[in-house]
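Asks: Structure for this input, please:
(chains A, B, C and D)
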There are 2 protein chains.
Amino acid sequence: MEKTMVDIERATTALKLLGDKTRLTIVGLLKGNECCVCEFVEILQMSQPAISQHLRKLRDAGLVQEERKGHWIFYKLNESSDIFPLVANVLEHIPEQKEKLEALEKSGKRIQCD
Amino acid sequence: MEKTMVDIERATTALKLLGDKTRLTIVGLLKGNECCVCEFVEILQMSQPAISQHLRKLRDAGLVQEERKGHWIFYKLNESSDIFPLVANVLEHIPEQKEKLEALEKSGKRIQCD
DNA sequence: TCACTATATAAGTATATGCTTATATTTGCA
DNA sequence: TGCAAATATAAGCATATACTTATATAGTGA
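Replies: The predicted structure is shown next:
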């Protein structure tokens, strides 16, 4: 595990973003996966604008990256960000979220583009 | 580094608390140290009630512990808390705060009880 | 070009948060 | 016993936050 340092300001920005259940779950889902907005909407059972707004905050702070693939915009963790090591470290302390993606897959709602 | 798991709710509570510059600095100062309220007031240049209120939140969530020593109430990290490993892990990514305590010491304002 | 789907943005609102000032509580000591 | 110092609590207020609903934008395919 890398231990990249970030200044207090940058750390509080990231921690504040992670200090919300919806966003922490989103980031947890992105550990090892790429997801599009509609998948978050389905898994988290929240409105599409609410999800979009959370994703924008995460993107503005550099925690996630977006990439359009046809109809969908996929999000993934921004591994080249200075705060990625901190984020990854935090994620090691919370339960895996991938069963939620597996459940999506079983129900046929998982989006695959490649 | 231990990797104790906590549920999402508990993690967001802790991360929300750490997602504030004042509180993150307080917790950073407590890494390896015990400090009393007046020291935080001096170092952070904030009002005593503001500091007290931050400390109460940290205590209510189990991140810190208090111990009275005569006139003063000293705070320290709660190392037996289920979220201590997460907190300690986060602190490895931010700069050491102890120069601030050393500066206090040089100016003769550090409180020592033992 | 048009309609449809996925996503983003904007504006409004209720609640949460972090301070302030004022006051209460607790302890040590003359 | 009473005062001073350290800390906590309470109430009030301005700002931040996380939704909502309505609308705009962008890509796909007929």
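Asks: What strand or helix carries the residue nearest the centre of chain A?
Replies: If you average the C-alpha coordinates of chain A and look for the closest C-alpha using CA atoms, centre = their mean, you land on residue A:27, 2.8 Å from that point. Element membership of residue A:27, judged by DSSP states H and E, is helix A:21-29.
Asks: Pull out the buried positions in that helix.
Replies: Under the neighbour-count criterion of 16 or more other CB atoms under 10 Å in any protein chain shown, helix A:21-29 has A:21, A:22, A:23, A:24, A:25, A:26, A:27, A:28, A:29 buried. Where you see a C-beta, it was placed from the backbone N, CA and C, and this is true even at glycine.
Asks: Check stretch A:42-56 too.
Replies: In terms of neighbour count (16+ other CB under 10 Å), stretch A:42-56 has its buried residues at A:42, A:43, A:44, A:51, A:54, A:55.
Asks: can you check stretch A:79-91 too?
Replies: Those would be A:81, A:83, A:84, A:85, A:86, A:87, A:89, A:90, A:91, for stretch A:79-91 by 16+ other CB under 10 Å.
Asks: element containing residue A:65, please.
Replies: strand A:64-69.
Asks: re earlier: tell me who's in contact with the residue nearest to the centre of chain A.
Replies: Under the criterion of CB atoms under 8 Å, 6 or more residues apart in numbering or on different chains, the neighbours of residue A:27 are A:18, A:58, A:63, A:64, A:77, A:87, A:91.
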